[in-house]
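A.B. asks: Quick check, what structure comes out for this input:
(chains A and B, ligands or ions: 1)
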Amino acid sequence: MSEHESIRELLSLAAAGVLAPDDQRRVEQHAAVCDACRRQLEVWQSYSRELVRLPAPAAPRHLAERTRARVLEQRAAVAQKRWDDIVLAVLVLFGWTMTLVTWIVFRLFTGGMLSVLEFGFVRIVIWSGASTLFAWLTAAVAAVMLGSQRRAVRRML
Amino acid sequence: MILAALMSSESALSAVDDEAARLRRGDPDALAAAISRYQHRLYRYLLRFSGDPSTAEDLFQQTWLRVMENLRRYDARRSFDAWLFSVAHNLAIDHLRKSRPDSLDDVLPSGRLRGDEVAGPQPDALEQVLEWERAAAVAAALLELPAIHREVLTLRFEEDLKLEEMAEIAQIPLSTVKSRLHRALEGLRNRLDHQFRPKGNP
Ligand SMILES: [Zn+2]
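C.D. replies: Okay, here's the model as predicted:
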């Protein structure tokens, strides 16, 4: 490739101002002695100028505010979910502990230490009744806690 | 002099750090300030890239949602600008991949690389047009280019970025940015030549 041809490939990038200093110098030196390349460089420079001067559209007026609101909404939703997860985990743990405790306490009161390991139809029915009661109680507590949290989040927004 | 320059660059750096830290803490004022500081640049970039105002608005909002989600992963040694724009870049690419995959091809959609055919006495297309018409002609021609060509053009000429910064945002090698910018300029000029070539003189 002749110097003329290799320089021609560089003209658009030279006008865009992104060539390494060495290449930029080569282009300028060649353009000083080659009319065709100088002319082309000027054309590319006019394109660069037009691109720099292109009228810039401003962001729509409510875009920033709408975006801020969406980000805050998302953040509240994330915080809400994290809180819900914690409450749920605590309540599940609480529920299981209470069930276990009920079972042991119930057997202790109805037949002494060893009877914890015994099974009997009536006892199982009574025990299931007691655990169901605890499950409902737990669910009610959960509902109240989640409700109060939701109200708190809504106040924040 | 040097000391003053050092001190001012240091305080500029800590200002950016404070910004990221305030955003992380969830300060709503910091969020509003950051969004409004970048709003026109980010919107312009997304508008040029996507070529469509309502898509640009949607991508703008998604960019900030993604930024706030990933703020923990932001490395404070990097430039916040470059990080913000690279998040926007990824979202725009995902969007275009679904809606207009052809717009991501790094080739001239029609025509060839220009040879020497305009090197002769033929006047340049752009100069035949009245000055006030030029901007409209360039804007129209831009819309016909592949999106990734519009992206490098706006990053170079409107954002005034260096090739290295453009490579960081588009997450491509430096050599690719360079050849893409070259092809984008060729494509733009081809289109304007075609548009303004006198009728009956193909
Ligand atoms: Zn030459």
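A.B. asks: Would you point out the helix or strand in chain A whose mean pLDDT is lowest?
C.D. replies: helix A:121-156 (a mean of 75; mean pLDDT, DSSP states H and E).
A.B. asks: I'd like the distance from that one to the chain centre, please.
C.D. replies: 31 Å (CA atoms, centre = their mean, to the nearest Å).
A.B. asks: That helix vs chain B: in contact?
C.D. replies: No: applying CB under 8 Å from any CB of the partner chain, one finds helix A:121-156 separated from chain B by no less than 10.0 Å. C-beta here means a position set from N, CA and C on the backbone, and glycine is covered the same way.
A.B. asks: buried set for that helix?
C.D. replies: Counting neighbours by 16 or more other CB atoms under 10 Å in any protein chain shown, one finds that the buried residues in helix A:121-156 are A:123, A:127, A:130-131, A:134, A:138, A:142, A:145-146.
A.B. asks: Which strands or helices does it pack on?
C.D. replies: Applying 3 or more CB pairs under 8 Å, 6 or more residues apart in numbering or on different chains; DSSP states H and E, we find helix A:121-156 packed against helix A:63-111.
A.B. asks: counting contacts, what elements does the helix it packs on pack onto?
C.D. replies: Applying 3+ CB pairs under 8 Å, 6+ apart, one finds that helix A:63-111 contacts helix A:121-156, helix B:28-50, helix B:53-69.
A.B. asks: now these as TSV including distance to residue B:88?
C.D. replies: Shown next, in TSV, are those (distance: least, CB to CB, whole Å):
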stretch	distance to residue B:88
helix A:121-156	28
helix B:28-50	6
helix B:53-69	4
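A.B. asks: out of the ones you listed, nearest to the ion?
C.D. replies: When those are compared by CB to the ion, helix B:28-50 sits nearest the ion, at 32.4 Å.
A.B. asks: contact partners of that closest one?
C.D. replies: Contacts to helix B:28-50, defined as CB atoms under 8 Å, 6 or more residues apart in numbering or on different chains, come from residues A:56-60, A:63-64, A:67-68, A:71-72, B:19, B:22-23, B:53, B:55-57, B:59-60, B:63-64, B:68, B:81, B:84-85, B:88-89, B:92, B:95-96, B:142, B:147, B:150-151, B:153-155, B:158-159.
A.B. asks: In that helix, which of the residues would be classed as buried?
C.D. replies: Neighbour counts over helix B:28-50 (16+ other CB under 10 Å) mark B:30-32, B:34-35, B:38-39, B:41-50 as buried.
A.B. asks: mind checking how far it is from the chain centre?
C.D. replies: The answer for helix B:28-50 is 13 Å, by CA atoms, centre = their mean.
A.B. asks: got the angle for it vs helix A:63-111?
C.D. replies: Here the directions of helix B:28-50 and helix A:63-111 differ by 120 degrees (axes from the mean of the first three to the mean of the last three CA atoms, to 10 degrees).
A.B. asks: what angle sits between helix B:28-50 and helix A:121-156?
C.D. replies: Using the same axes, to 10 degrees, helix B:28-50 lies at 80 degrees relative to helix A:121-156.
A.B. asks: send the alpha carbons of helix B:28-50 over as CSV?
C.D. replies: C-alpha atoms of helix B:28-50 as CSV (Å, rounded to 0.1, in the frame of the first residue of the first chain):
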residue,chain,number,x,y,z
PRO,B,28,-33.1,10.5,48.4
ASP,B,29,-31.6,13.9,47.9
ALA,B,30,-28.3,12.4,46.6
LEU,B,31,-30.3,10.2,44.3
ALA,B,32,-32.3,13.2,42.9
ALA,B,33,-29.1,15.2,42.5
ALA,B,34,-27.3,12.4,40.6
ILE,B,35,-30.2,11.7,38.3
SER,B,36,-30.7,15.3,37.4
ARG,B,37,-26.9,15.9,37.0
TYR,B,38,-26.7,13.2,34.3
GLN,B,39,-30.2,13.5,32.9
HIS,B,40,-29.5,15.3,29.6
ARG,B,41,-26.3,13.4,28.8
LEU,B,42,-27.7,10.0,29.6
TYR,B,43,-30.9,10.7,27.7
ARG,B,44,-29.1,11.9,24.7
TYR,B,45,-26.8,8.8,24.6
LEU,B,46,-29.8,6.5,24.9
LEU,B,47,-31.8,8.4,22.3
ARG,B,48,-29.0,8.3,19.8
PHE,B,49,-28.3,4.7,20.5
SER,B,50,-31.9,3.5,20.4
